[in-house]
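S.K.: predicted model, plus sequence, below.
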Amino acid sequence: MTTQEALQTFRAKIEALHALNHAMGVLQYDGETVAPPASAEGRGKTLEYLSGLAYEIETGPELNRAADFLAAHSDELSAQDRREVEVFRRETEFTASIPQAEYVGYVTLLNRASAVWHKAKAENDYASFAPVVQEIFDTNVRFARYYKPDQAPYDVALGRYERGLTMQKADAFFAALRERIVPLLKQVQSRPQVDDSFIWNKTYPIEAQRKFSDYLMDLITIDRERCSIGETEHPFTTNFNKKDVRITTHYHEQTPIYSMYSVIHEGGHALYELHSGDELEGTLLAGGVSMSIHESQSRFMENIIGRSRGFVQVILPKLHELFPEQLGDVTAEQLYLAVNKAEPSLIRTEADELTYALHVMVRYEIEKGLFDGSIRAEDLPRIWNAKYKEYLGIDVPDDRRGVLQDSHWSGGNVGYFPSYALGSAYGAQMLAEMKKTVDVDAAVASGDLRPVTRWLEDHVWRFGAMYDPMDLLERAVGAPFDPKYYTDYLEEKFGSIYNL
């Protein structure tokens with residue numbers, strides 16, 4: 001075998017995997033958005049068949065012989081080819097450690113779990129979901145032990161979403177946040193609260209909200225020829241390639257604010273996927289490198305840009321146009337303060353910047369317990385509610401607004417939640433570096449976000465998965481990660497809003 005022959009085999013098999021993953025992704029997207037509830041069983045059978053084919057290709061001798069040959073002759077490869085082989089071998093080591101029947105069974109379990117979660121949330125029936133949660137976590141513990149028997153299973157899960165992340169590192173990170181966020185929140189709570197009453201107890205037609213979503217996508221520079229928007233219970237983004245990225249949102253008739261920020265948040269994910277380098281398209285390096293880096297982009301757009309004074313001033317005329325009776329007399333300063341109101345709340349996706357990390361900490365601590373066996377799924381409502389009382393000081397009225405609110409566990413995304421808090425901190429450090437060469441406030445206030453998005457494309461998006469997360473972050477900001485940038489940002493912003 002020559003290096004060129006090995007590359008041809010490698011490329012052909014990766015292309016086949018892409019085709020299968022594309023087909024499975026479309027089925028899963030359809031199941032989350034428009035498919036009828038009874039469709040889960042039939043979709044599961046198709047996913048079972050396709051995932052079996054994907055497993056056989058990924059772990060098969062032909063592809064792995066080619067990958068091993070290329071790794072042994074890495075000096076003959078380009079930097080991009082070397083990186084792709086490295087990423088493939090690392091990922092396949094995990095897949096190959098799992099027996100095929102269990103791997104395929106897990107795919108069908110998640111398809112079933114999604115349907116169970118949707119029904120359980122709608123009916124406020126956690127008891128029907130609990131056995132599925134336990135099965136998902138038990139399966140992930142088993143898979144982690146197959147893959148890295150000498151590591152703590154939760155460390156394995158964390159590292160799957162953010163390479164190098166461990167409980168020890170996550171504990172230190174959350175401790176650093178807690179040390180400054182909790183006292184800051186207490187200071188905020190001692191001051192007169194922001195008035196946001198003008199937003200609530202009104203009806204905002206869904207069709208007008210859809211028009212507002214279209215406007216927001218254009219404003220944050222999303223190419224609508226390559227990115228669509230759908231509707232679902234829990235917003236998410238999926239990408240099939242850089243010409244087919246799909247975001248979703250959920251509309252609430254009582255306010256357009258929730259959907260507004262979900263569109264901007266998911267739009268940040270979409271921008272990352274849409275702007276990975278053309279040379280990476282069709283390879284394993286296309287798209288985001290990790291979920292924390294991904295969340296840095298979504299939360300950067302949602303909070304640092306979307307909740308800024310300049311952005312609020314830009315969108316206000318559109319809100320006046322679409323909702324003249326509801327918001328026609330609202331000023332930019334009123335709206336800016338309202339969308340930055342810091343107050344403990346029930347729903348993570350609707351939380352303000354200051355309290356958001358506390359929502360993530362609750363989930364992180366629960367996941368640790370589910371992985372080490374100290375928590376059972378049947379006990380989650382009680383533990384969840386107690387932690388919300390301890391960390392946020394609020395009572396959880398029902399499971400629909402409590403332990404059932406997120407779709408992550410039904411989708412098998414265990415170990416994902418710390419990515420949100422890490423991503424927020426990464427984004428604040430990126431902002432500090434960006435401001436050295438870009439007048440961010442002026443760009444946002446002008447309504448032309450291209451100076452901001454160009455910096456992100458040049459420093460983050462175009463590299464796809466060419467570098468591991470920490471390497472990419474350090475290249476972007478010119479220094480090691482430091483959560484102090486995030487806590488400084490929060491103190492400055494909320495100190496100004498609440499006159500601390």
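M.R.: Good, I have the coordinates.
S.K.: quick one: contacts of stretch 89-100?
M.R.: The contact list for stretch 89-100 (C-beta atoms under 8 Å, 6 or more residues apart in numbering) reads 52, 55-56, 58-59, 64, 67-68, 71, 103, 106, 143, 146-147, 160, 284. Quick note: C-beta positions are derived from backbone N, CA and C, even for glycine.
S.K.: please save the CA atoms from that stretch in CSV.
M.R.: Extracted in CSV, the C-alpha atoms of stretch 89-100 (Å, rounded to 0.1, in the frame of the first residue of the first chain):
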residue,chain,number,x,y,z
ARG,A,89,-8.1,7.1,15.3
ARG,A,90,-9.0,8.8,18.6
GLU,A,91,-12.7,8.7,17.9
THR,A,92,-12.7,5.1,16.6
GLU,A,93,-10.9,3.9,19.6
PHE,A,94,-14.0,4.8,21.6
THR,A,95,-16.4,3.3,19.1
ALA,A,96,-14.5,0.1,18.6
SER,A,97,-14.4,-0.5,22.4
ILE,A,98,-18.2,-0.9,22.4
PRO,A,99,-19.7,-4.2,21.1
GLN,A,100,-21.7,-3.5,17.9
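S.K.: next, the buried residues of it.
M.R.: Going by neighbour count (16 or more other C-beta atoms under 10 Å), the buried part of stretch 89-100 is Thr92, Phe94, Ala96, Ser97, Ile98.
S.K.: mean confidence score for it?
M.R.: Averaged over stretch 89-100, pLDDT sits at 96.
S.K.: rewinding a little: of all the contacts of stretch 89-100, which two lie farthest apart?
M.R.: Ala71 and Tyr106 (27.7 Å; C-beta to C-beta).
S.K.: so Val194 makes contact with Lys341?
M.R.: Yes - with contact defined as C-beta atoms under 8 Å, Val194 counts as touching Lys341 (4.2 Å).
S.K.: circling back: quick one, which of the contacts of stretch 89-100 are buried?
M.R.: Gly52, Tyr55, Glu58, Thr59, Asn64, Ala67, Tyr103, Tyr106, Phe143, Tyr147, Arg160, Leu284.
S.K.: mean confidence score for the helix or strand containing the second one?
M.R.: For Tyr55, the enclosing helix or strand under DSSP states H and E is helix 40-59. pLDDT averaged over helix 40-59 equals 96, rounded to a whole number.
S.K.: which positions in it come out as buried?
M.R.: Per 16+ other C-beta under 10 Å, helix 40-59 contains these buried residues: 40, 43-44, 47, 50-55, 57-59.
S.K.: same deal with stretch 333-352?
M.R.: So stretch 333-352, judged by 16+ other C-beta under 10 Å, has buried residues 334-346, 348-352.
S.K.: keep only those of those residues that are in helices.
M.R.: Gln334, Leu335, Tyr336, Leu337, Ala338, Val339 (DSSP state H).
S.K.: out of the residues you listed, who's nearest Gln80?
M.R.: Among these, and counting by C-beta to C-beta, the member closest to Gln80 is Val339, at 41.4 Å.
S.K.: wait, what's in contact with the closest one?
M.R.: Asp196, Ile257, Tyr261, Arg307, Val312.
S.K.: please redo it, this time with the cut-off set to 7 Å
M.R.: Ile257, Arg307, Val312 (C-beta atoms under 7 Å, 6 or more residues apart in numbering).
S.K.: distance-wise, check it relative to Ala208.
M.R.: Val339 sits 18 Å away from Ala208, going by C-beta to C-beta, to the nearest Å.
S.K.: pLDDT below threshold where in the chain?
M.R.: Along the chain, no part satisfies pLDDT under 70.
S.K.: show me where it has strands.
M.R.: Taking DSSP state E to define them, one finds strands in the chain at 227-231, 237-241, 244-249.
S.K.: name every strand pairing with the second one and say which way it goes.
M.R.: Spelled out, it's strand 237-241. strand 244-249 (antiparallel) (DSSP bridges).
S.K.: how about the residue most central in space within the chain, nearest residue that isn't a chain neighbour?
M.R.: With distances taken as C-alpha atoms, centre = their mean, the residue of the chain nearest its centroid is Glu295 (5.0 Å). With C-beta to C-beta, 6 or more residues apart in numbering as the criterion, Glu295 has its nearest non-adjacent residue at 2.7 Å, and that residue is Gly423.
S.K.: what residues are up against that neighbour?
M.R.: Ser292, His294, Glu295, Ser296, Arg299.
S.K.: can you redo the residues you listed as JSON lines with distance to His408?
M.R.: As requested, these are exported to JSON lines (distance: C-beta to C-beta, whole Å):
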{"residue": "Ser292", "distance to His408": "14"}
{"residue": "His294", "distance to His408": "14"}
{"residue": "Glu295", "distance to His408": "12"}
{"residue": "Ser296", "distance to His408": "18"}
{"residue": "Arg299", "distance to His408": "16"}
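S.K.: out of the residues you listed, the closest to Ala23 would be?
M.R.: Looking across the contacts of Gly423 and measuring by C-beta to C-beta, the closest to Ala23 is His294, at 22.9 Å.
S.K.: who wins for most neighbours among the contacts of Val339?
M.R.: Neighbour counts for the contacts of Val339, by other C-beta atoms under 10 Å, peak at Val312, which reaches 23 neighbours.
S.K.: wait, that residue touches Gln334, no?
M.R.: No - if you go by C-beta atoms under 7 Å, Val312 and Gln334 don't touch, sitting 9.4 Å apart.
S.K.: spit out the contact partners of Leu20.
M.R.: Counted by C-beta under 7 Å, 6+ apart, Leu20 has contacts Leu50, Leu53, Ala54.
S.K.: which residue is the nearest non-sequential neighbour of it?
M.R.: That would be Ala54: by C-beta to C-beta, 6+ apart, it lies 4.4 Å from Leu20.
S.K.: OK, contacts around the one you found?
M.R.: Leu17, Leu20, Asn21 are the contacts of Ala54 under C-beta under 7 Å, 6+ apart.
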